[in-house]
Each structure stands twice: as structure tokens, then as C-alpha cells.
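In: Here is a sequence with its predicted model. Questions after.
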Amino acid sequence: MTEYQPRRALREDEPAPASADGRTTKAPAPAKPPPSTSPTPSTGNGGDYLSHRQILVIMGGLMAGMFLAALDQSIVAVALPKITSQLGGLDKLSWVVTAYLLTSTAATPLWGKISDLRGRRPMFQAAIVVFLIGSLICGFSPEIADFLNASGINVMIAGRAVQGLGAGGLMSLALAVIGDVIPPRERGKYQGLFAAVFGVSSVAGPLLGGWFTDNLGWEWIFFINIPIGIAALVVTSLALKLHHVRRSASVDYLGAATIVGSVTSLVLYLSWAGPDTGWTSATGIWLLVSTGVLAALFVLVESKAKEPIIPLALFKHLTFTSNIIFAMIMGIGMFGGLIFLPIYLQAVKGMSATHSGLSILPLVVGIFTTSIGGGQIMARTGRYKWMPITGALVVGCALFAFSRLQVDTPYYVVALIMYAFGMGLGFTMQVVVTAVQNSVDRRNMGVATASVTFFRSMGAAIGTALLGAILNIRLKYHLTEIVGAAQGHVPAGAIKTNDVTAIQALPEPIKSWVLEAFTRSMDDVFLVAVPFMAVAFVIALTMREKPLRERGPDSDSATASASPHSELVSMSN
């Protein structure tokens with residue numbers, strides 16, 4: 001009995017009345033892997049954390065699901081210009097991205113909370129199934145549109161929304177399981193595996209996305225998810241073995257509805273009402289009012305909910321609050337680069353989808369470099385505050401450099417900026433999750449981890465809508481300005497810019513006008529993102545660094561002594 005310690009997930013979810021009975025005496029029985037039955041340093045000292053070998057087995061299942069979501073983020077970005085050109089035009093590009101981000105944002109805290117109540121593995125597999133259904137809708141969007149006599153781009157947007165529902169669970173639940181089984185101090189050792197998933201997907205995504213788009217058709221960027229998803233279901237069924245004790249509790253669907261309604265109203269204002277009907281129009285003002293009212297209702301609902309989707313007690317602590325605000329703001333800058341760089345490369349530089357996929361590899365290498373290197377330093381030193389500070393500064397400088405791009409800027413200059421941009425992102429992607437997980441009770445590991453993903457996705461959704469609106473507005477403005485200066489009086493509407501893949505075939509001087517207008521518009525987009533990074537830098541400076549927990553009998557004493565109904569461990573403000 002003294003040689004084997006229960007798995008973390010079992011202790012975390014076990015109700016207090018039964019924890020002293022036969023339930024603990026039965027815990028060693030399911031221990032099939034030999035390492036868990038022998039007194040190894042990893043389990044003996046770490047208490048209820050798993051051994052290195054057990055962690056690697058579980059990581060295999062998680063990485064399969066994470067790869068599915070990570071690949072989708074990189075494979076779609078390269079194909080977006082052609083998708084929107086064929087189905088509905090450039091003005092709908094932001095909605096193809098925003099629909100995905102909006103639903104993933106909405107679903108993230110729900111997946112986290114339900115997994116806390118019902119178990120990680122079934123929820124993780126359910127997220128995979130939902131994601132695959134959305135992929136099929138996207139892949140068959142032209143056929144579905146013909147059958148329903150609907151717009152192809154609208155069907156694509158709906159499919160992306162369904163994909164987002166699944167994606168909201170894939171990342172957050174994988175990170176929550178990691179928080180269950182790996183001590184915070186040791187997570188840097190495994191960060192190379194996470195980076196490998198994102199690194200491989202980031203390299204394979206643009207290449208596959210470009211190759212499919214140029215050769216087989218963009219539909220295959222969604223069909224490729226099906227075999228990967230089936231493999232992920234098989235692997236998680238075999239490898240992701242976590243004990244879980246169910247407890248009866250309610251899910252705060254009303255809280256989810258109010259926060260999603262608030263974010264949706266704001267996104268609609270930024271991407272639709274403002275650009276189309278006017279920023280001070282009645283529709284725009286109504287959406288702004290709805291944003292504020294629904295946000296206030298969310299706070300009211302959460303304060304009274306028995307099982308709040310995001311416990312308000314979390315926001316009383318600076319460690320949690322500063323990190324999620326930082327994650328939200330960084331989401332704006334991250335998608336500012338990831339979504340709009342392929343447009344510059346394809347529309348202005350005239351690259352094919354495949355070529356543009358190859359051309360953004362410096363960004364991927366930058367992410368890969370700092371995420372691995374920073375994780376190793378964090379594991380050795382236990383210090384992490386320097387990473388978000390450095391990351392925000394580097395990303396801000398890179399975005400400013402992007403705002404100086406010209407039509408004839410050499411590719412090697414663009415590549416260097418992309419590498420710096422990726423380095424900055426690599427410093428910030430995982431450290432925020434680690435800092436938050438290090439600060440909360442294990443019982444709230446799922447909801448706290450999901451909160452980070454939630455606010456990062458919310459920032460990305462708002463940022464994509466805002467920057468997409470700026471691109472459309474400024475493109476019309478610059479095109480009118482350039483054409484007017486060139487020959488006095490030509491309406492911008494006479495020049496079609498929706499099909500970015502056909503710009504290189506335009507006759508001169510129209511082609512030069514469009515390229516210059518696109519470049520100036522992209523410069524405006526990147527410049528608008530810079531102040532957000534300045535705010536993120538200031539927030540990073542104010543973060544308080546709490547020592548990372550590690551294996552040891554006292555590493556989780558606060559959790560051990562806490563009531564089963566307590567929301568948080570003692571946190572350093």
C-alpha cells in the first residue's frame with residue numbers, strides 16, 4: 001500500500017465521503033504497467049503523479065488529438081485565399097476564420113467543465129467526432145450548397161463553426177490531462193513533444209494545404225482530417241487510460257450562452273455592422289449595447305451558479321487574471337500574422353498556395369526554436385516570467401516590421417521578420433498555460449486550462465474580425481486613392497479584388513494599382529496590431545512569478561488539505 005500512490009486523476013475527482021474507505025484500497029488493483037507497482041522515484045516522491053513511462057504512453061494518445069487540431073490551423077490558412085475566391089470573395093475571409101474561432105471559444109470552457117465532471121477521455125473523443133463532422137461539411141460544402149440551394153461560402157462558414165465546436169475540446173482537454181499527470185516544474189521536459197506536434201503540423205500543414213489546393217482541390221485539406229481523426233480515436237482508446245470517479249453536478253449552459261452571446265455581438269459589430277452599416281449606425285449601437293448587457297449578465301449568472309463555467313473566484317488572483325488577459329491579447333497578434341501573411345504572399349508576391357506554404361516555414365522554425373529552448377530553461381530554473389515579456393516585445397517588433405513591407409520587398413527580408421515573429425510566439429504559447437495550471441486546485445485544472453484557451457480564442461476571434469474589417473475598408477480606400485491619383489476618375493468598384501489568386505493575370509496598369517493597394521492595406525492591418533502587443537508587454541511586466549511545483553511530498557499540500565469543494569489553492573497575488 002505504501003509503494004503505490006493513486007493516479008492523480010483518481011485522487012482529484014474522488015468525492016470526500018468515500019475517500020477514506022475501500023475506494024483507496026482498491027486503487028492499486030488496476031495498476032497494470034510494471035513501473036507503477038515498483039517504488040520508483042517518479043511515483044514515490046511525486047505522490048500521485050505518474051511515472052515517466054506512464055506519461056509517455058498517455059502523451060501518445062494526446063498528441064494524436066492535438067495533431068488533428070494543430071494541423072487544421074496551419075493547413076487552412078494557406079488555402080483560404082483560393083477558398084474565398086471560389087466560394088464567396090475576399091470580404092468573407094474573416095468569417096471563415098471567425099466562425100471557427102467563435103465556436104471553439106464558446107465550447108472550450110464547456111469541454112473543460114464537463115471533463116472535470118465526467119472524465120477526460122470520453123470528452124476528448126467526443127471532441128474528435130464533432131471535429132470530423134465539421135470537416136465533412138466543409139469538404140462537401142459546394143455539393144451541400146447545390147443541394148440546399150444556398151451560398152457555398154455560407155455552408156463553409158457553418159462547417160467551420162462545427163469544426164470549432166470540436167476543436168475547442170481538443171486542445172484544452174489535452175492540456176488539462178497534461179496538467180493532471182505532469183508536475184508543473186517538469187512540464188518543460190515534455191514541451192519538446194508538444195513542440196514536435198505543432199512543429200510537424202506547422203510544416204506539414206502549409207505544404208499539404210498548398211499541394212492539395214494546387215493539385216487535388218482545396219476540399220482535400222478537410223478530407224485529410226478523417227483518417228487522422230480515426231487514428232486519434234483508436235490511439236486514445238488504447239493509450240489514454242485515466243481513472244475517473246463521476247460526481248453529479250450541473251453544467252452552466254446559461255453562463256456559456258451569455259458569454260458567447262457577448263463575444264458574438266462584438267464580433268458582428270467589428271466584422272459586419274461597422275464596415276457595412278456604419279460604426280455609429282443603429283445596428284452597430286445595438287450590437288455594442290448587447291455586448292455590454294450580455295457580459296454583465298454573464299457575471300451575474302456566474303456569481304449565482306452552483307457549477308460556474310468559469311468560477312469568478314479565479315479572477316480574484318492576479319496570477320490567473322494577468323495570464324488570461326495576456327493570452328487574449330496575444331491571440332490578436334498571433335492570428336494577425338498567421339491569417340494575413342498568406343494573403344500578402346499570394347496576392348502581392350504572386351505565389352501559389354504550395355509556394356506560400358513553403359515560404360512561411362521560417363515562422364514555424366522560429367516557434368519550434370523558442371518553444372523547445374524556453375521549455376528546457378524553464379524546467380532547469382523554474383523561472384518563466386522572462387518568457388512572456390520577451391515574447392510580447394519580439395512579436396510587437398515583428399508586427400511593426402511587417403507594417404513596413406512594400407510590393408518589392410525581397411523575400412529574405414520577409415523571411416527574417418517571420419522567423420522573429422515565430423520566436424516571439426514560441427516564448428508565449430505554453431508558458432501561460434503552465435503558469436495558470438501551477439496556480440489552481442487540481443479539481444479546477446480542466447476549467448482553468450480551458451479558460452486560458454477560451455480567452456486566447458476570444459482574442460483571436462475579435463482580432464481576426466477587427467483586422468479583416470480593416471483590410472476590407474483600407475483596400476477600398478487605397479484602391480480609390482491610387483486609381484484617382486493615376487488617372488483622376490475611375491471607380492474602385494470597377495476593379496475586382498475578391499479573387500486574390502487572379503490578381504497576377506490583371507492587365508497593367510490595373511495590376512500595379514491592385515498590388516500597391518493590397519500592400520498598403522496589409523501594412524495598415526499589421527500596424528493596428530502593434531499597440532495590442534505594447535499592452536501585452538506591460539501586462540507581462542506586472543505578472544507575479546509563483547515557484548513552479550515539482551515532485552515531492554509537499555508539492556501539493558495545499559490541495560491535499562483543501563476541501564473537496566474548494567475552488568483554488570492558496571495563490572500568490
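Out: Yep, that arrived.
In: ok, which stretches of this protein are strands?
Out: In the chain, no segments count as strands under DSSP state E.
In: Not counting its neighbours along the chain, what's nearest the residue most central in space within it?
Out: Nearest to the mean C-alpha position of the chain, by C-alpha atoms, centre = their mean, lies residue 457 at 5.3 Å. Excluding the flanking residues, the one nearest residue 457 by C-beta to C-beta, 6 or more residues apart in numbering is residue 105, at 3.9 Å. Every C-beta, even on glycine, is put in place using the N, C-alpha and C of the backbone.
In: swap in residue 324?
Out: residue 455 is the one closest to residue 324 (C-beta to C-beta, 6+ apart), at 4.4 Å.
In: pretty sure the residue nearest to residue 457 contacts residue 459?
Out: No. Using C-beta atoms under 8 Å, residue 105 makes no contact with residue 459, being 9.1 Å away.
In: Can you list the low-confidence ranges for the stretch 251-400 of the chain?
Out: 251, 274-276, 336, 379 (pLDDT under 70).
In: Please enumerate the helices of it.
Out: Here the stretch 251-400 of the chain has its helices, by DSSP state H, counting those that start in this stretch, at 253-268, 282-304, 318-343, 353-359, 361-381, 386-402.
In: who wins for proximity to residue 464 among these?
Out: Smallest distance to residue 464 across these (C-beta to C-beta): 5.1 Å, for helix 318-343.
In: That closest one vs helix 386-402, what angle?
Out: 30 degrees (axes from the mean of the first three to the mean of the last three C-alpha atoms, to 10 degrees).
In: helices and strands around helix 318-343, which ones?
Out: helix 52-87, helix 93-118, helix 361-381, helix 386-402, helix 411-428, helix 431-437, helix 445-487, helix 510-542 (3 or more C-beta pairs under 8 Å, 6 or more residues apart in numbering; DSSP states H and E).
In: and the fifth one, which residues are buried?
Out: Pointing back at helix 411-428 there. 414-415, 417-428 (16 or more other C-beta atoms under 10 Å).
In: Next: the third one.
Out: Residues of helix 361-381 classed as buried: 361-375, 377-379 (neighbour count, 16+ other C-beta under 10 Å).
In: That one: how far from the chain's middle?
Out: 18 Å (C-alpha atoms, centre = their mean, to the nearest Å).
In: What of the first one?
Out: Helix 52-87 has its C-alpha centroid displaced from the chain centroid by 11 Å (C-alpha atoms, centre = their mean).
In: Could you do the fourth one as well?
Out: Between the mean C-alpha point of helix 386-402 and the mean C-alpha point of its chain there is a distance of 18 Å (C-alpha atoms, centre = their mean).
In: how many degrees apart are that helix and helix 361-381 in direction?
Out: 160 degrees.
In: Please name the residues that touch the residue nearest to residue 457.
Out: 164, 168, 260, 263, 454, 457-458, 460-461 (C-beta atoms under 8 Å, 6 or more residues apart in numbering).
In: Apply 10 Å and report the result again.
Out: Residue 105 makes contacts with 98, 164, 168, 259-260, 263-264, 267, 331, 453-462, as judged by C-beta atoms under 10 Å, 6 or more residues apart in numbering.
In: just the buried members of the residues you listed?
Out: 98, 164, 168, 259-260, 263-264, 267, 331, 453-462.
In: so where's the stretch 51-200 of the chain shaky on pLDDT?
Out: 51-54, 61, 73, 88-91, 179-181, 183-196, 198-199.
In: follow-up on the earlier one: pick the most buried one from the helices of the stretch 251-400 of the chain.
Out: helix 318-343 (a mean of 24; mean count of other C-beta atoms under 10 Å).
In: low pLDDT regions in the stretch 451-573 of the chain?
Out: Ranges of the stretch 451-573 of the chain meeting pLDDT under 70: 486-502, 547-573.
In: how close does residue 165 get to residue 349?
Out: 35 Å (C-beta to C-beta, to the nearest Å).
In: before we move on, what about residue 542?
Out: Residue 542 is 40 Å from residue 349, by C-beta to C-beta.
In: Which of those two has more residues huddled nearby?
Out: residue 349 (19 against 10; other C-beta atoms under 10 Å).
In: Isn't the more buried one up against residue 413?
Out: No. Judged on C-beta atoms under 10 Å, residue 349 makes no contact with residue 413 at a distance of 11.9 Å.
In: Now list whatever residues contact both of those two.
Out: residue 405.
In: Residue 98 against residue 80, yeah?
Out: No. In this structure, residue 98 is not within contact of residue 80 by C-beta under 10 Å, at 12.0 Å.
In: Please enumerate the shared neighbours of the two.
Out: By C-beta under 10 Å, 6+ apart, the residues touching both residue 98 and residue 80 are residue 339.
In: And residue 529, how far from residue 421?
Out: For residue 529 relative to residue 421 (C-beta to C-beta), the value is 11 Å.
In: which residues do the two both contact?
Out: 333-334, 336-337, 395-396, 398-399, 402.
In: Same list (these) but as CSV, adding distance to residue 217.
Out: Listed next are the shared contacts of residue 529 and residue 421 as CSV, based on distance: C-beta to C-beta, whole Å:
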residue, distance to residue 217
333, 32
334, 28
336, 28
337, 27
395, 34
396, 38
398, 33
399, 33
402, 31
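In: Which residue comes closest to residue 458 once chain neighbours are left out?
Out: Per C-beta to C-beta, 6+ apart, closest to residue 458 is residue 105, 4.8 Å.
In: if I look at the one you found, how far off is residue 306?
Out: Counting by C-beta to C-beta - residue 105 and residue 306 are separated by 23 Å.
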